[in-house]
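K.L.:
Provided below for reference: sequence and predicted model.
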Protein chains: 2
Amino acid sequence: MSIKELFQNHLGAEFDGHVPYPTADLQIQKNKILTDFGEVESSLYFIKSGIIELCVKSYQVLKTVDFFFQGEFVGAYTSFLSQTPSDVQVIALTDCELEVVRYADLQKSYAHSFIANKMGRILNEAAYLRRVKREKNFLTKTAEELYLEMLDSHPQYISQIPVNKIARYLGIHPESLSRIRKKINS
Amino acid sequence: MSIKELFQNHLGAEFDGHVPYPTADLQIQKNKILTDFGEVESSLYFIKSGIIELCVKSYQVLKTVDFFFQGEFVGAYTSFLSQTPSDVQVIALTDCELEVVRYADLQKSYAHSFIANKMGRILNEAAYLRRVKREKNFLTKTAEELYLEMLDSHPQYISQIPVNKIARYLGIHPESLSRIRKKINS
């Protein structure tokens, strides 16, 4: 999926086929850091293919806080919105094909474009709901329940994420994840 | 402040003086429950005066998760966006003067109004940032730091919130809060 198709899907006949801001294609390799700790996020990245990982530093240890997949926008979004240094790192977990939207271009489109604001409103609502869901999941679900949910929502991708990264995301040891996987497969 | 003034402040000359959806004034008394657990949120409430509290139920105990003040929109926002039963309770901590926006009216305005979508986009960005900040605060700050931040951001309101509610919000015993207050005042 592309940004153009995202607009098409959400807006239907309202969309005249022109995305209201410039976008640039970007191909990156696995392990490429898109945004590092302390940088001010200048762009949002739409994932055409691949997986992007968001990390935080907790007591000098890297902790995975989220994975983003095909068809989603990703970036250090708090930094992007507030134009302050990021406390998350945005990194390619696999080779990725992306479309890039620059902060300044997006703001310009917000000044006059109905569909830019409408999509912005819809995507911000979705980002809010996603954030609440993640917070609630980590407060109320066991690692096994979280892993089952990952399997359920992104079955085609889970095999591409190294086991130690999934374990780190779930906050458990890789050995514990192996036990959960064995239990599920048995 | 009113919703009309909020539009004026954010949009300036772009705003023609007409809020793009109907709003209704509502006066409620202290302890009135606006939205209860299990209800689907039908409205957003703009606070013209007073304080609104958001609670969750954790192991049958009520826990305050947030306070909202004059000039802010409040509601069970996850329930509002997803139109699913709420797991938060929205309750008046003081007598309040509110302006009410109904879900159906807001959706109607989103279909055609540029300024409805622009304000919606701006307010959703702010809601996202607020949520992230709260999550980060509770993960990284001590009760004393959180209390100092409350004093700093809403000095005129803190005296109106009962000590036991502030303590519950900070996740500490009222006696611990008393010690913090004494320390700050000494």
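P.N.:
Nice, thanks for sending it over. Numbering: from 1, shown residues only, chains lettered A, B, ... in the order given.
K.L.:
Where does pLDDT dip in chain A?
P.N.:
Residue ranges of chain A with pLDDT under 70: none are present.
K.L.:
Go again with 90.
P.N.:
A:58-63, A:134-140, A:153-159, A:163-164, A:168, A:171, A:184-186 (pLDDT under 90).
K.L.:
Just give the nearest non-adjacent residue to the residue in it that chain B sits nearest to, would you?
P.N.:
When scored by C-beta to the nearest C-beta, chain A has A:Asn124 as its residue closest to chain B, at 3.6 Å. For glycine as for every other residue, the C-beta is placed from the backbone atoms N, C-alpha and C. In this structure, A:Asn124 finds its nearest non-sequential neighbour in B:Asn124, 3.6 Å apart by C-beta to C-beta, 6 or more residues apart in numbering or on different chains.
K.L.:
Can you show me the CA trace of stretch A:125-135 as CSV?
P.N.:
C-alpha atoms of stretch A:125-135 as CSV (Å, rounded to 0.1, in the frame of the first residue of the first chain):
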residue,chain,number,x,y,z
GLU,A,125,-7.3,9.4,16.4
ALA,A,126,-5.9,6.1,15.3
ALA,A,127,-2.5,6.9,16.9
TYR,A,128,-4.3,7.8,20.2
LEU,A,129,-6.2,4.5,20.2
ARG,A,130,-3.1,2.5,19.4
ARG,A,131,-1.2,4.2,22.2
VAL,A,132,-4.0,3.5,24.7
LYS,A,133,-4.3,-0.1,23.6
ARG,A,134,-0.6,-0.7,24.0
GLU,A,135,-0.6,0.9,27.5
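K.L.:
buried set for that stretch?
P.N.:
By 16 or more other C-beta atoms under 10 Å in any protein chain shown, the buried positions in stretch A:125-135 come out as A:125, A:127-128, A:131-132.
K.L.:
Give me the subset of those residues lying in strands.
P.N.:
Applying DSSP state E to those, no entry is found in strands.
K.L.:
okay if I get the residues you listed as TSV plus distance to A:Tyr45?
P.N.:
As requested, those are exported to TSV (distance: C-beta to C-beta, whole Å):
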residue	distance to A:Tyr45
A:Glu125	20
A:Ala127	14
A:Tyr128	19
A:Arg131	18
A:Val132	22
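K.L.:
Pick the one among these closest to B:Ser113.
P.N.:
Distances from B:Ser113 to the buried residues of stretch A:125-135, taken as C-beta to C-beta, are shortest for A:Glu125 (16.1 Å).
K.L.:
For the residue nearest the centre of chain A, give me its contacts.
P.N.:
When C-alpha atoms, centre = their mean is applied to chain A, the residue found nearest the centroid is A:Phe68 (3.2 Å). By C-beta atoms under 8 Å, 6 or more residues apart in numbering or on different chains, the contact list for A:Phe68 reads A:47, A:51-54, A:74.
K.L.:
can you name the two of those that are farthest apart?
P.N.:
Pairwise distances across the contacts of A:Phe68 (C-beta to C-beta) peak at 12.4 Å, for the pair A:Ile47 and A:Leu54.
K.L.:
which neighbours do those two share?
P.N.:
By C-beta under 8 Å, 6+ apart, A:Ile47 and A:Leu54 have these common neighbours: A:68, A:74.
K.L.:
so A:Glu97 touches A:Gln27, yeah?
P.N.:
Yes: counting by C-beta atoms under 8 Å, A:Glu97 touches A:Gln27, with 5.6 Å between them.
K.L.:
The two: which has the busier surroundings?
P.N.:
A:Glu97 (15 against 12; other C-beta atoms under 10 Å in any protein chain shown).
K.L.:
quick one: contacts of stretch A:174-186?
P.N.:
Stretch A:174-186 is touched from outside by A:143-144, A:147-148, A:151, A:163-164, A:166-167, A:170, with contacts defined as C-beta under 8 Å, 6+ apart.
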